[in-house]
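S.K.: Pasting the sequence and the predicted model now:
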Amino acid sequence: MADLGGGTGDHLLSMIRLWDPRAWDSRILSAAPLTSRHTPDIPVTDVGMKGRLARFPLAQIVTQYRVARALRQHPPDLVHSYFFWSIMYGRFLKRIGRIGRLIENREDEGFAWGDREYAMLRRTRHLPDRVICVSEAVRKVALEREELDPHRTVVVHNGVELETQASESREEVRRELGYEADVPLVGMVSNLNRPIKGIRYFLDAVPLILRAVPSARFVIFGGGFGRGGHEAMLRDRAAALGIAQCVQFAGFRPDIERYYCALDLSVLTSLSEGLSIAVLESMKHGVPVVVTSVGGNPEVVVTSCRLATPEPSRTARVPSCSITSCGFRWAQPRAAGLRRALASRSPQTNTWTCTGRSWEVRRCE
């Protein structure tokens with residue numbers, strides 16, 4: 001049971017594609033429309049409620065009934081649930097004996113869950129057989145806030161397929177996006193509808209970067225709900241900062257992996273993360289990453305550039321940046337709390353190490 005949108009939906013579907021259909025008869029129950037970059041080749045049942053009546057608690061009652069009906073038609077040996085309400089639907093059905101084995105996922109640090117959600121999770125914490133966390137940081141949060149049995153939790157880090165299809169050249173992709181080959185290009189792949197992704201702080205840093213390198217350009221990949229959603233606020237912010245001509249909102253790209261080769265640097269400014277798929281994809285394509293040190297990111301960016309966020313009570317900020325002919329040099333702005341480090345890369349091992357007091361990402365030929 002999962003919603004097929006965002007990184008979690010993409011990850012689920014890419015994983016299912018690798019399962020042996022002779023060993024697994026898989027089906028997906030989803031309360032959200034399919035927006036994933038991967039098209040599933042297994043049955044997908046829409047159990048969500050639409051329209052003006054799709055509000056708590058009616059929407060949850062109707063969805064719970066639809067989930068129960070779908071499982072009655074196709075009794076499962078194992079149910080794997082993602083996201084809060086899918087988790088609760090599964091736990092209820094496990095409690096009344098409709099489900100034998102219940103596996104749950106924790107793909108973020110619960111930033112959207114409040115006291116009510118955690119109280120419900122704690123009261124029913126004995127029902128799941130196993131809880132899979134995508135990082136040690138996520139597991140720590142789950143143990144502390146949900147009071148789960150440590151023996152029922154396990155960490156399975158997110159991953160990406162290493163095999164890639166033959167891609168177009170960097171120059172071809174850049175022409176498609178409208179950039180010359182020598183333009184310093186900084187990119188971000190993110191869900192534009194979630195303020196937790198911290199895109200506004202990335203935009204705030206752009207004017208500081210342009211003062212040092214006027215030729216730098218920025219591209220943000222990701223979907224939104226048009227001018228009516230959070231994307232509209234981000235576009236308005238870019239206009240207010242006077243950087244609209246330098247920042248491209250490239251929209252949702254189902255074939256996003258085509259575009260990593262066009263980037264000189266991949267940035268993630270999230271205030272909370274489980275373990276970013278975009279970071280893993282950037283590494284896969286050899287693109288240097290600069291990320292906030294939140295969630296599971298430090299567990300995989302151990303030899304690459306990363307930023308330390310301030311204490312939880314304060315808002316994270318993105319560093320200002322100047323781009324020089326030898327690479328990208330990141331300097332700390334006035335906002336307190338960010339640590340700086342010098343990152344250098346070994347051409348032999350393709351790794352980066354952090355040792356100094358300012359960011360520097362050198363291109364190694």
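M.R.: Great, that's in hand.
S.K.: for the chain, what spans make up the helices?
M.R.: Assigned by DSSP state H, the chain shows helices spanning 6-16, 58-73, 84-95, 115-123, 136-146, 170-177, 199-212, 230-240, 277-284, 297-300.
S.K.: Indicate which one of the ones you listed is closest to Arg52.
M.R.: Go through the helices of the chain one by one with CB to CB and the one that ends up closest to Arg52 is helix 58-73, at 10.4 Å. (Glycine included, C-beta is placed from N, CA and C.)
S.K.: and the angle from that closest one to helix 84-95?
M.R.: Our comparison of helix 58-73 with helix 84-95, counting by axes from the mean of the first three to the mean of the last three CA atoms, to 10 degrees, yields an angle of 50 degrees.
S.K.: where does the stretch 1-150 of the chain have low pLDDT?
M.R.: 1-7, 33-40 (pLDDT under 70).
S.K.: Now do the strands in the stretch 201-350 of the chain.
M.R.: With DSSP state E, counting those that start in this stretch applied, the stretch 201-350 of the chain shows strands at 217-221, 247-251, 265-268, 289-291, 320-324, 327-331, 343-346, listed in chain order.
S.K.: Poorly predicted segments of the stretch 251-365 of the chain, please.
M.R.: Low-confidence segments of the stretch 251-365 of the chain (pLDDT under 70): 302-365.
S.K.: Go ahead and confirm Ile103 touches Leu127.
M.R.: No: applying CB atoms under 8 Å, one finds Ile103 not in contact with Leu127, separated by 11.3 Å.
S.K.: Between the two ends of stretch 15-31, how far is it?
M.R.: The distance separating the two terminal residues of stretch 15-31, taken as CA to CA, to the nearest Å, comes to 20 Å.
S.K.: Measure how far it is from the centre of its chain, please.
M.R.: The gap between the average C-alpha position of stretch 15-31 and the chain average comes to 22 Å, counting by CA atoms, centre = their mean, to the nearest Å.
S.K.: Next, the buried residues of it.
M.R.: By neighbour count, with 16 or more other CB atoms under 10 Å as the criterion, the buried positions of stretch 15-31 are Ile16, Ile28, Leu29, Ser30, Ala31.
S.K.: Among those residues, which lie within strands?
M.R.: Ile28, Leu29, Ser30 (DSSP state E).
S.K.: Grab the CA positions of stretch 183-198 and hand them over as PDB.
M.R.: Coordinates of each C-alpha in stretch 183-198 appear next as PDB, following Å, rounded to 0.1, in the frame of the first residue of the first chain:
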ATOM      1  CA  VAL A 183      28.000  27.900 -18.500                       C
ATOM      2  CA  PRO A 184      28.500  26.900 -14.800                       C
ATOM      3  CA  LEU A 185      25.200  25.100 -14.100                       C
ATOM      4  CA  VAL A 186      24.000  24.300 -10.600                       C
ATOM      5  CA  GLY A 187      20.900  22.000 -10.400                       C
ATOM      6  CA  MET A 188      18.400  20.700  -7.900                       C
ATOM      7  CA  VAL A 189      16.000  17.800  -8.200                       C
ATOM      8  CA  SER A 190      13.200  18.100  -5.700                       C
ATOM      9  CA  ASN A 191       9.500  18.000  -4.900                       C
ATOM     10  CA  LEU A 192       8.400  21.700  -5.300                       C
ATOM     11  CA  ASN A 193       5.300  21.200  -3.200                       C
ATOM     12  CA  ARG A 194       7.100  20.500   0.000                       C
ATOM     13  CA  PRO A 195       8.600  23.500   1.900                       C
ATOM     14  CA  ILE A 196      10.600  21.000   3.900                       C
ATOM     15  CA  LYS A 197      12.900  20.700   0.800                       C
ATOM     16  CA  GLY A 198      14.200  24.200   1.500                       C
END
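S.K.: Any buried residues in it, and which?
M.R.: With the criterion 16+ other CB under 10 Å, stretch 183-198 contains buried residues 184-194, 196-198.
S.K.: show me what contacts the closest residue to Met120 other than its chain neighbours?
M.R.: With sequence-adjacent residues excluded and distances taken as CB to CB, 6 or more residues apart in numbering, Met120 is closest to Met88, at 6.4 Å. By CB atoms under 8 Å, 6 or more residues apart in numbering, the contact list for Met88 reads Gln60, Met120, Thr124.
S.K.: shouldn't the first one be in contact with Phe92?
M.R.: So the one you mean is Gln60. No: judged on CB under 8 Å, Gln60 makes no contact with Phe92 at a distance of 10.2 Å.
S.K.: Touching both of these two, which residues are there?
M.R.: Any residue near both Gln60 and Phe92 by CB under 8 Å, 6+ apart counts here, and not one turns up.
S.K.: State the distance from the residue positioned nearest the centre of the chain to Leu71.
M.R.: Among the residues of the chain, Ser276 comes closest to the average C-alpha position under CA atoms, centre = their mean, at 4.3 Å. For Ser276, the distance to Leu71 equals 32 Å [CB to CB, to the nearest Å].
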